[in-house]
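Q: let's see this in three dimensions:
(one chain, ligands or ions: 1)
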Amino acid sequence: MSAYWVQNLLKLQDLDMEIRNLKLRLTMIPKEAEKLQQEIAKIEGKVKIAKEKKAAHDRELKQTEAEIAELNDKIGKLQTQSALVKKNTEYQAMLGSIAMLKNSISDLESKQLELMDTLAADDQAIRQAISDVKPETAGLREELKELAELFSDVKKRGRELLTQRPDLRSMVDSEILPRYEQILQKNTTPPLVPVEIDKCGNCHLRLTPQTLNSARAGAITFCDNCMHIIYMPDEQD
Ligand SMILES: [Zn+2]
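A: Below is the predicted model of the structure:
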């Protein structure tokens with residue numbers, strides 16, 4: 001059997017390590033939730049992107065329609081003027097201009113038809129994006145819910161452990177307690193570690209024979225190197 005001070009300190013240390021672990025989880029869970037929310041926003045963003053694409057094509061279509069109207073207007077004016085022209089060369093030049101404008105209109109009308117097809121495809125893409133949102137985010141929302149539940153469970157367990165701590169703390173030898181809590185605050189590793197054959201269980205450096213003897217005798221002993229508290233585990237007694 002290990003010395004009493006070791007047994008009691010191990011109980012407190014187990015509790016402290018669990019509290020530390022819970023605290024770590026409490027900081028990690030909101031980060032995981034944040035990632036899930038970003039994924040949901042990204043999926044929902046696909047609808048917005050699809051709508052923006054359609055709006056851009058809509059603007060392009062209106063612009064094309066305006067250009068066609070403008071060219072038709074020019075043709076109308078040229079036709080009116082051509083009726084007043086006396087010289088045949090001028091008349092021919094005007095007819096040439098009108099023909100060129102009509103060509104341009106024909107190109108714009110082809111573009112108009114293409115844009116109408118594109119807009120129909122845009123509508124389809126918007127519908128698809130909307131119908132994808134629910135199935136694609138359902139699982140993520142479920143995960144979010146589970147994370148929220150886990151968070152409150154972890155918090156609850158942490159509170160339970162904190163209420164148990166004063167009792168366990170009061171059982172620990174007062175000679176070792178301040179040193180233990182000091183190491184606990186400064187380190188991520190447990191302050192109380194078993195001797196591993198002839199080495200410290202924390203820094204793994206060889207311990208002096210005097211230190212090993214002290215640990216074997218069950219006295220409060222520190223590692224010569226890292227100053228963690230060491231004890232001789234049962235099987236090496
Ligand atoms: Zn050490």
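Q: pLDDT weak spots in the protein?
A: Residue ranges of the chain with pLDDT under 70: 1, 235-237.
Q: for it, give the helix that spans the most residues.
A: helix 88-171 (DSSP state H).
Q: ok, how many other residues are close to A129?
A: Close neighbours of A129, defined as other Cβ atoms under 10 Å, add up to 19. Quick note: C-beta positions are derived from backbone N, CA and C, even for glycine.
Q: next one: the one 4 residues further on
A: By the criterion of other Cβ under 10 Å, V133 has 15 neighbours.
Q: that one and L113: what is the separation?
A: 32 Å (Cβ to Cβ, to the nearest Å).
Q: ditto for D167
A: 83 Å.
Q: secondary structure element for the residue positioned nearest the centre of the chain, which one?
A: Compute the mean C-alpha point of the chain, and by Cα atoms, centre = their mean the closest residue is K35, 2.4 Å away. Counting by DSSP states H and E, the element that carries K35 is helix 4-84.
Q: and that helix, what does it pack onto?
A: Judged by 3 or more Cβ pairs under 8 Å, 6 or more residues apart in numbering; DSSP states H and E, the packing partners of helix 4-84 are helix 88-171, helix 177-186, strand 192-196.
Q: deepest of the ones you listed, which one?
A: Between the helices and strands packed on helix 4-84, strand 192-196 has the highest mean count of neighbours, a mean of 19, where neighbours are mean count of other Cβ atoms under 10 Å.
Q: now do the contacts for I229.
A: 9, 176, 179-180, 183, 191-193, 220-223 (Cβ atoms under 8 Å, 6 or more residues apart in numbering).
Q: and the closest residue to N225 other than its chain neighbours, how close does it get to E196?
A: Of all residues beyond its chain neighbours, the one nearest N225 is L205 (4.5 Å), with distances taken as Cβ to Cβ, 6 or more residues apart in numbering. Taking Cβ to Cβ as the criterion, L205 is separated from E196 by 10 Å.
Q: residues of the chain that sit close to the ion?
A: By Cβ under 5 Å from the ion, the part of the chain that sits against the ion consists of 200, 202-203, 223, 225-226.
Q: 8 Å - rerun?
A: Within reach of the ion by Cβ under 8 Å from the ion, the chain has these residues: 193, 200-205, 207, 223-228, 230.
Q: please identify which pair of those lies farthest apart.
A: Using Cβ to Cβ, the two most remote members of the residues of the chain next to the ion are H204 and M227, lying 14.3 Å apart.
Q: which of those two has more neighbours?
A: Between H204 and M227, counted using other Cβ under 10 Å, M227 has the larger neighbour count: 15 against 12.
Q: residues contacting the more buried one?
A: When contacts are counted by Cβ under 8 Å, 6+ apart, M227 is found next to I183.
Q: what's the answer for N72, then?
A: I105.
Q: what do you get for A129?
A: A129 makes contact with 46-47, 49-50, according to Cβ under 8 Å, 6+ apart.
Q: try it again at 10 Å.
A: Going by Cβ atoms under 10 Å, 6 or more residues apart in numbering, A129 touches 43-51, 136.
Q: got it, and E146?
A: L36.
Q: look up how far T27 lies from it.
A: Plainly put, E146 is 18 Å away from T27 if you go by Cβ to Cβ.
Q: check R206 too.
A: Separation of R206 from T27 (Cβ to Cβ): 37 Å.
Q: go on, D224?
A: Distance, D224 to T27, by Cβ to Cβ: 35 Å.
Q: same deal with L71?
A: For L71, the distance to T27 equals 66 Å [Cβ to Cβ].
Q: just give the number of residues close to the closest residue to P190 other than its chain neighbours.
A: Distance criterion Cβ to Cβ, 6+ apart; nearest residue to P190, sequence neighbours excluded, is Q13 at 5.5 Å. Applying other Cβ under 10 Å, we find 20 other residues in the vicinity of Q13.
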